[in-house]
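Novice: have a look at this prediction, sequence included:
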Amino acid sequence: MPELPEVETVRRSLEPLLVGRKIIDTQIYYGGIIKKPTPEEFREEIKGRKFEKLNRRGKYLLAVLSGAKTLVVHLRMTGRLTVTEESKPLDKHTHLVFTLDNGCELRFNDVRKFGLIYLVDNNRYQEAGGLASLGPEPLEPDFTVEELSRRLESKNTKLKSFLLDQRQIAGLGNIYADEALFAAGLHPERRTGSLTQKEIEGLYQALRSVLQAGIELRGTTFRDYVDGTGAKGGFQDRLKVYGRAGQKCDCGCILLKKTVAGRTTVFCPTCQI
DNA sequence: AATTGTACCTGTCAGC
DNA sequence: TGCTGACAGGTACAAT
């Protein structure tokens, strides 16, 4: 599923293909993806604008357009955003096609129609769903051990639930939350307030290294994910726990599967305490 | 106010 | 073969 490393990979792959390009027009095949404004207004308001910059915040992709508007895209679970030559036939489940000024198209495809798209004024991100209430970026310098510690102690919940809460830390999903907990040797059901200073430092390092490795390998393609050029990621070969329930951990134990915080969670009962 | 549960979707796969 | 039901999971919103 597109989490921070996948969205960052999409951003990096799309940026050189989009910046400087102008949107000639938009074909809307399924308007339900567009949350704001109405699909008709969206098409009118975006017409003629140029891509100036591509940013990412948590799992949100932010395309800054000329005229001080930002196109906000969330891929949720199965969304794909790719640049394709306009001569290529549309894949099934393509809901939105932006015609660019160079013979290419930016296409939004989503099997399950869960993706979200907003067009908002710059700096009015509170109008774009949960974007305004995101927690810190885990790979930015302002996310420190102290910041993590403060947030852990301000809650009394299970670690898995904490890591998935976008208001606490932006960008983790089920894959990287499980991988980070494994790397830190922490049980997903440990209470946030029960961690020692050493464990907090270990979790901090685990979060950063797992996300960084995910980016370096251009994301995890477990099922649907591809980057902005349609290429698959490479981190799926490095997964230690996610999707591996019933298989052996490096320590020889069988990895367990359990629903925690409403999510399938895989962990090693001996390595994670 | 904060937490929990459910809806949103379709493809895939196990079991019959 | 073809059907049914469970499952996958991020966010918005309703319910508690």
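Specialist: Yep, it's here.

Novice: next one, pLDDT for the closest residue to DNA strand B within chain A please.
Specialist: Closest residue of chain A to DNA strand B, C-beta to the nearest atom of the strand: residue A:112 (3.4 Å). All C-beta spots, glycine's among them, are computed from the backbone N, C-alpha and C. For residue A:112, the pLDDT comes out at 89.

Novice: residue A:210 sits in which helix or strand?
Specialist: Taking DSSP states H and E as the criterion, residue A:210 maps to helix A:197-216.

Novice: list the helices and strands the following helix or strand past that helix packs on?
Specialist: Following helix A:197-216 in sequence order, the next helix or strand is strand A:256-260 (DSSP H and E). On a contact count with 3 or more C-beta pairs under 8 Å, 6 or more residues apart in numbering; DSSP states H and E, strand A:256-260 meets strand A:263-267.

Novice: so is the strand it packs on next to DNA strand B?
Specialist: No - judged by C-beta under 7 Å from any atom of the strand, strand A:263-267 makes no contact with DNA strand B; its nearest approach is 9.9 Å.

Novice: export that strand as CSV, just CAs?
Specialist: Once non-C-alpha atoms are left out, strand A:263-267 reads as follows in CSV (Å, rounded to 0.1, in the frame of the first residue of the first chain):
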residue,chain,number,x,y,z
ARG,A,263,-5.3,-4.2,11.6
THR,A,264,-3.6,-7.4,10.6
THR,A,265,-0.3,-7.5,12.5
VAL,A,266,2.5,-9.9,12.1
PHE,A,267,5.3,-10.2,14.6
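
Novice: sorry, back to before: now the helix holding residue A:210: buried residues?
Specialist: Going by neighbour count (16 or more other C-beta atoms under 10 Å), the buried part of helix A:197-216 is A:199, A:200, A:202, A:203, A:204, A:206, A:207, A:210, A:211, A:213, A:214, A:215.

Novice: check stretch A:142-153 too.
Specialist: Residues of stretch A:142-153 classed as buried: A:143, A:148, A:149, A:151, A:152 (neighbour count, 16+ other C-beta under 10 Å).

Novice: chain center to it: distance?
Specialist: Distance of stretch A:142-153 from the chain centroid (C-alpha atoms, centre = their mean, to the nearest Å) equals 21 Å.

Novice: for it, give me every contacting residue.
Specialist: A:135-137, A:162, A:168-169, A:192-193, A:195, A:197, A:200-201, A:203-204, A:207 (C-beta atoms under 8 Å, 6 or more residues apart in numbering).

Novice: among these, which one sits closest to residue A:123?
Specialist: Distance to residue A:123, by C-beta to C-beta, is smallest for residue A:137 among the contacts of stretch A:142-153, at 17.6 Å.

Novice: quick check: which element contains the closest one?
Specialist: Going by DSSP H and E, residue A:137 is not in any helix or strand.

Novice: who's in contact with it?
Specialist: Applying C-beta under 8 Å, 6+ apart, the residues contacting residue A:137 are A:57, A:58, A:143, A:170, A:171.

Novice: please consider this matter closed, and thank you.
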